[in-house]
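Engineer: What follows is a predicted protein model with its sequence.
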Amino acid sequence: MFFSRSSLYGLGVVLAMTLGLSACTGGESNVERGNRDQTFHYGNGSEPQGLDPHVVTGVPENHLLRALFEGLAVKNPYTLEPEPGVAQSWEFSEDRRQITFHINPEARWSNGDPVTADDYVWSWMRALHPDTGNLYSYMLFPLVNAEEFFTGKIDDFAEVGVKAPNPLTLVVTLKEPTPYFIQLMDHYSTFAVHRPTLEKHGKFTDRFTKWTRVENIVSNGPFVLEEWLLNRRITMKKNENYWNADFVRLNRVVFYPTENLVSEERGFRAGQLHYTQSIPLDKIPVYQAMEDSPYVQEPYLGSYFYLLNTQRPPLDDARVRRALSMSVDRDTLINTVLQKSAVPSYSITPPGTLGYHPPKTFSYDIEEARRLLAEAGYPNGEGWPGIEIIYNTLEAHRKIAVAIQQMWKDALNIEVTIANQEWKVYLDAVATMNFDVGRRGWIGDYVDPNNFLDLYLSDGGNNNTGYANPVYDDLILNKAPQAPNREERFKVFYEAERMLMEEMPIIPIYIYTSKHLIHPSVCGLPANLMDSLNLRYVWLDPERRSPSEPCT
Amino acid sequence: MGRFLASRLLQAIPVILAVITVTFFLVRVAPGGPFDSEKAVIPEVKAALEAQYRLDQPLFSQYLAYLGDLAQGDFGPSFKYPGRSVNELIGAGLPVTAELGLYALLIATLIGGLAGVIASLRPNTPQDYVPMALAMIGICMPTFLLGPLLVLVFGIELEWLPVSGWGDIPGDKILPSITLGAAYAAYIARLSRAGMLEVLSQDYIRTARAKGLPEWQVVVKHGLRGGLLPVVAFLGPAFAGLLAGSFVVETIFQIPGLGRFYVQAAFNRDYTMILGTTVFLSTLIVLFNLLSDVLAASLNPRLRHQYQTGGMP
Amino acid sequence: MNTEVIQDIAQAEEGTSLWQDAWVRLRKNHLAVLGLVVLLFMIVIALLTPWIAPYAYDAQNLDLGATPPSAAHWLGTDVFGRDLLTQIMYGGRISLAVGFIATSVALLIGVSWGAIAGYVGGRTDAIMMRLVDILYALPFMIFIVLLMVVFGRNVILLFLAIGAVEWLTMARIMRGQMQSLRQQEFVEAAVSLGLPPATIIRRHLVPNALGPIIVYTTLTIPSVMLLEAFLSFLGLGIQPPQTSWGLLISYGAETMEEYPWLLIYPGLTLTITLFSLNFLGDGLRDALDVRGSKD
């Protein structure tokens, strides 16, 4: 038949042409080209909300902002100890309530203006201004009168504990000794922004001005914004005005909004990325089995746990809560479903945060769990009203919930259902305490047990369990800050955490790990507890073929 | 024809207004707000944010204000991306998705239409079974499976094509277009085969054949016109569906298109963005449905006559 | 009007003989019969699953994990050590149910809506089709989220919601058919005979549009099955440990390199079912095609 045959040929020709054309497009990959000209192709997880340090929140935003801007002090990626940033040094007063920062006279904005102490005073005023709507304003609450200014109790920012006696000196006065305050200087909510630029593009408290656009932005970090294509990529190039520019070896960094884990991993395999933000669970064993594997896994300052609604029967009984917690076989869960990519936990604080080790008040013990459940009035699950686990849509959450549901059914003979909820529905359910059991993850903003333990204060905004204990509140709010030294302070925390884990308003499950695929050419990017990226240390060594070789 | 077009365009106004109104109130009823996050938001911060976005005003006056802005072509600021307007986000995503959708639809119509017509000419022979079986596989194969499969074969094993991106690396538009087009090609193949079979058994085709016209003339001149009617009816909604439904393909291939914005806006409760994309898509849907009706009319001799004399369809 | 048209009318009048004829013709089509047999087999298996499944659907063996097919687990196991065959059997219950219920809803609403709009025409048609336009444009996901919140999690509700969305395209296709059929001689003849519109639609128009309806139905069933998978995947559909073929395939697709059997077997099951459905649909279309049968 004339008609169909010729068309078939035509189709064949079209297909052959398409494939032929495509075959010619192969060539140098991103990674190869990047290695040659020191361009780092970085999988950043998602498109940032924006680049205004006092407006946005989130991990991908953090990576971008810490490349564009620099705080007074910066975390060393190897030790996590603070080292000079915009401030070349700082010292504490006798009573540890006053810190004097000495600003590096070489510190420059990307347009050449010097960075001054006044920039900080003005920027912190902006960060704390009630109209700005800064979600991380509380990072500066350790300052005297900061919270009062934020809530509108005082209008005059001069009363807040930050002063600039001269352009190179910044004096900070704290409400009480805050050992982790220097760490906070590396958090983007405490960064300085360039006042003339902001004022040129609108009111300083406006969230939607265009000052962060490529053509407008002025920043002070090791890199400057070169290109920002929505949902596609953000390119930064080395900032020649940066005070420590000689130290920076990368010429460019390209951040990709790699939302889909599976696609990200494929991009890595195809040589489009040097670095992935994460990895699909089921790929872990494949990479672990490799010789000279690009897979890097490190403990991460974050806790994964289940919230229990302590106001709803049967979870209003601490014995029931403990029984549930004891019958979760964390080791099996982690070794199988989670592919050994986490560390089992029996308390909320990740162990080893600055030498603090949380108490272990229980272990995996089905017999004891059954006994407790019987004691609470549900022998062998009889009379159990049924509970539901809610989680937001994510592959790992689903797997954990499915496994734990079965563990509880098997161990305690109780009815458990699970419900996958869309993100905002889940947030709403947790915030209004309209749930029985809900999954929750908490990532530390700074390395200190306080960051985890103050979650369960009676009126804590992130408590979400209904747990309220005045003794606990007193330990965290009064006893710990007044402790004379770190050792005493940690003793108070230990006591508080033991109390919390006896009451068990949450079921700790595991401590996070950071999981990345890193091309062997990437150097100066050590794994650390905060998964902290410090790009000024990073460079690419094209000769390095395996992670076991030294960098040159 | 002119009157028909004018009346349909006039009808579009209440349609779009209804869509805006329903959507506006629908998204407000959905649980969770744009500023909810895993970390509790301090009440003062939330109040400041709501004030900046007019959310502290009564709902109905917000609605009126929105309509007022919309009349001036202003979709408002995005909640999720501070510093970006919805106009800007749509402006960034639309060209990409439109291009993707166009390629996909071209592939789908060419391959699907061809396969369907070929199959219909010799029903119940291998010339029918083979393309139809392929089409059936195309329908069974969801995009979330076809996309990764193509990537594995052509991107990773053969290393012929990039695994993701859009316009960054030469050739990166090929796999997403095929992935998105495949399911539609399969649909079009089935629809056009059925339509052709229907038409080819009609009296006027028999008459044409009886007159001794060559078979290909019968098929092309008389058959295609009626036989592709169901396909044309399908194309309008299909293109609009492609725009809204390209989400999966855009996610797999990390394409910066409107589909991702649209779905993410719904998840983020980015009210202005949901409304903006919905208004935009509804306009497109109305236009494309209109277009496919016009096309159907011009393909159908009797209906065409009706339009030309000005009758309401 | 020629004699053939009158014969058509006469034949369509006797509804029972049409269906009996169709059944006779269908039985001669071996592929269609095969499709019917396979479909019936799937349905029977789905109905009997709770009694004949080799394992409990939620029975896990975490230490076993994902294993390829073996004597104990004919189709292998997933990462939880759950038997894949059992999962596929239980998944079939959901998938077949969503396929048939949602499609029936879509069919019922879509065909009657499109038929009325297309037949009546004029202002009614314009209003009805603009309503379709409005529904097309509403953000579907917000709509599903709201349904879930207002009515709670209910599988049947999910099926109805999917059906309530899928009917739109059906309505448009049906209306297009109606418009062209209405102009045909035998319909004009029926009108001139004074038959009431409802009868004309039911007896003459819908049967003559059966071809495209059946074809579109066979297309709708897979698309609702996949829509269910997509919604469930996003947390808006069925809840684990319940599963469906679409969900099994979407999980399988993520691990196709590590555990290919988790993709292959659910994929094969779905493909076989849809092929059978397709053969049956084509067979039915041919069997019901009054004109075609005379060739």
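Structural biologist: It's in.
Engineer: Give me the contacts around stretch C:63-72.
Structural biologist: Residues outside stretch C:63-72 that contact it (C-beta atoms under 8 Å, 6 or more residues apart in numbering or on different chains): A:332, A:336, C:73, C:75-81, C:255, C:258-259, C:261-262. For the C-beta atoms, the positions are set from N, CA and C on the backbone; glycine is no exception.
Engineer: what do you get for stretch A:280-291?
Structural biologist: Stretch A:280-291 is touched from outside by A:261-262, A:265, A:279, A:293-295, A:297, A:337-341, A:395-396, A:399, A:515, A:517, C:79, C:254-255, C:257-259, with contacts defined as C-beta under 8 Å, 6+ apart.
Engineer: Spell out for me the PyMOL command that would select the buried members of those residues.
Structural biologist: Command for PyMOL, covering only those of the contacts of stretch A:280-291 found buried under the criterion 16 or more other C-beta atoms under 10 Å in any protein chain shown:
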select buried, (chain A and resi 261+262+265+279+293+294+295+297+337+338+339+341+396+399+515+517) or (chain C and resi 79+254+255+259)
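Engineer: before we move on, back to that, any of the contacts of stretch C:63-72 buried? List them.
Structural biologist: The neighbour-count test (16+ other C-beta under 10 Å) marks A:332, A:336, C:73, C:75-81, C:255, C:259, C:261-262 as buried among the contacts of stretch C:63-72.
Engineer: for the residue nearest to residue C:240 when sequence neighbours are not counted, what are its contacts?
Structural biologist: In this structure, residue C:240 finds its nearest non-sequential neighbour in residue A:402, 5.1 Å apart by C-beta to C-beta, 6 or more residues apart in numbering or on different chains. Under the criterion of C-beta under 8 Å, 6+ apart, the neighbours of residue A:402 are A:418, C:60, C:80, C:240, C:241.
Engineer: Would you mind measuring from the second one to residue C:77?
Structural biologist: When you say that, I think you mean residue C:60. Relative to residue C:77, residue C:60 is positioned 9 Å away (criterion: C-beta to C-beta, to the nearest Å).
Engineer: any low-confidence regions in chain C?
Structural biologist: C:1-18, C:149-153, C:289-295 (pLDDT under 70).
Engineer: go with 50
Structural biologist: Counting by pLDDT under 50, chain C has low-confidence residues at C:1-14, C:291-295.
Engineer: Let me know the helix or strand that the residue of it at minimum distance from chain A is in.
Structural biologist: Nearest to chain A, among the residues of chain C, is residue C:235, at 3.8 Å (C-beta to the nearest C-beta). Assignment of secondary structure by DSSP states H and E places residue C:235 within no helix or strand.
Engineer: check contacts around it.
Structural biologist: Contact analysis of residue C:235 by C-beta under 8 Å, 6+ apart lists A:392, A:393, A:420, A:421, A:422.
Engineer: Of these, which ones also sit close to chain C?
Structural biologist: For chain C, the contacts drawn from the contacts of residue C:235 by C-beta under 8 Å from any C-beta of the partner chain are A:392, A:393, A:420, A:421, A:422.
Engineer: okay if I get the residues you listed as a markdown table plus secondary structure?
Structural biologist: Below are those laid out as a markdown table (DSSP: H, G, I helix; E, B strand; the rest coil):
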| residue | secondary structure |
| --- | --- |
| A:392 | strand |
| A:393 | coil |
| A:420 | strand |
| A:421 | strand |
| A:422 | coil |
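Engineer: a markdown table for those residues, including neighbour count and pLDDT?
Structural biologist: As requested, the ones next to chain C among the contacts of residue C:235 are exported to a markdown table (neighbours: other C-beta atoms under 10 Å in any protein chain shown; pLDDT from 0 to 100):
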| residue | neighbour count | pLDDT |
| --- | --- | --- |
| A:392 | 20 | 90 |
| A:393 | 18 | 84 |
| A:420 | 25 | 87 |
| A:421 | 26 | 86 |
| A:422 | 24 | 84 |
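Engineer: Out of those, which is nearest to chain B?
Structural biologist: Comparing the ones next to chain C among the contacts of residue C:235 against chain B with C-beta to the nearest C-beta picks out residue A:422 as the nearest, at 6.6 Å.
Engineer: residue contacts, that closest one?
Structural biologist: Applying C-beta under 8 Å, 6+ apart to residue A:422 gives the contacts A:392, A:393, B:267, C:145, C:234, C:235, C:236.
Engineer: likewise residue B:155?
Structural biologist: Contacts of residue B:155 (C-beta under 8 Å, 6+ apart): A:266, A:270, B:161, B:162, B:163, B:175.
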